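Peer 1: What follows is a protein structure lacking sequence information:
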């Protein structure tokens with residue numbers, strides 16, 4: 001059974017940083033595309049960032065324009081964990097952040113994800 005567990009969210013001030021973690025069990029992140037999404041109440045879930053499965057030592061990343069240059073997605077193969085480093089946080093970054101996995105490597109960038117975590121709340125005060 002596949003399980004994704006996010007952690008690292010919290011309440012911070014504008015300009016602060018956080019690192020979100022997504023630990024996987026039941027799948028291997030090195031052979032899966034992984035992504036981060038976020039959602040605020042009343043709005044659709046939006047894409048934040050994705051990292052590709054490792055192929056021939058090549059890893060690709062893609063970011064939403066709103067977070068490009070501030071957020072960084074990465075993977076620790078040994079820990080089977082994907083991270084999202086959030087820097088220079090803004091109040092509009094407040095949301096529940098979700099991790100997702102695409103072990104089928106359906107496409108790049110991924111258009112669908114098979115598995116989702118429960119989410120971790122990030123709140124940025126002004």
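Peer 2: Right, received. Where do you want to start? Keep in mind that what you see is a predicted model, and the values were worked out from it rather than measured.

Peer 1: what are the ranges of the strands in the protein?
Peer 2: 3-7, 10-13, 18-25, 33-39, 46-51, 61-63, 71-76, 81-86, 95-102, 115-116, 120-125 (DSSP state E).

Peer 1: centroid residue for the protein?
Peer 2: In the chain, the residue lying closest to the centroid (Cα atoms, centre = their mean) is residue 36, at 2.5 Å.

Peer 1: so that residue makes contact with residue 73?
Peer 2: Yes - using Cβ atoms under 8 Å, residue 36 is in contact with residue 73, at 6.3 Å. C-beta: built from backbone N, CA, C; applies to glycine.

Peer 1: and the residue nearest to residue 35 when sequence neighbours are not counted, how many neighbours?
Peer 2: Distances taken as Cβ to Cβ, 6 or more residues apart in numbering place residue 50 nearest to residue 35, at 3.9 Å, with adjacent residues excluded. Burial of residue 50 is recorded as 23 neighbouring residues (other Cβ atoms under 10 Å).

Peer 1: shared neighbours, residue 36 and residue 73?
Peer 2: 49-50, 82, 84 (Cβ atoms under 8 Å, 6 or more residues apart in numbering).

Peer 1: Export those residues as CSV, with columns for distance to residue 124 and pLDDT.
Peer 2: Supplementary listing: the shared contacts of residue 36 and residue 73 in CSV, determined by distance: Cβ to Cβ, whole Å; pLDDT from 0 to 100:
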residue, distance to residue 124, pLDDT
49, 17, 98
50, 22, 97
82, 21, 97
84, 14, 98
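
Peer 1: And those, which is closest to residue 13?
Peer 2: Using Cβ to Cβ, residue 84 is the member of those that lies nearest residue 13, at 18.6 Å.

Peer 1: okay, now the closest one: neighbour count?
Peer 2: Around residue 84 there are 27 residues (other Cβ under 10 Å).

Peer 1: unless I'm mixing things up, it is touching residue 7, no?
Peer 2: No - Residue 84 lies out of contact with residue 7 (Cβ under 8 Å); the separation is 11.1 Å.

Peer 1: Report the set of residues contacting both of those two.
Peer 2: Residues touching both residue 84 and residue 7 by Cβ under 8 Å, 6+ apart: residue 20.
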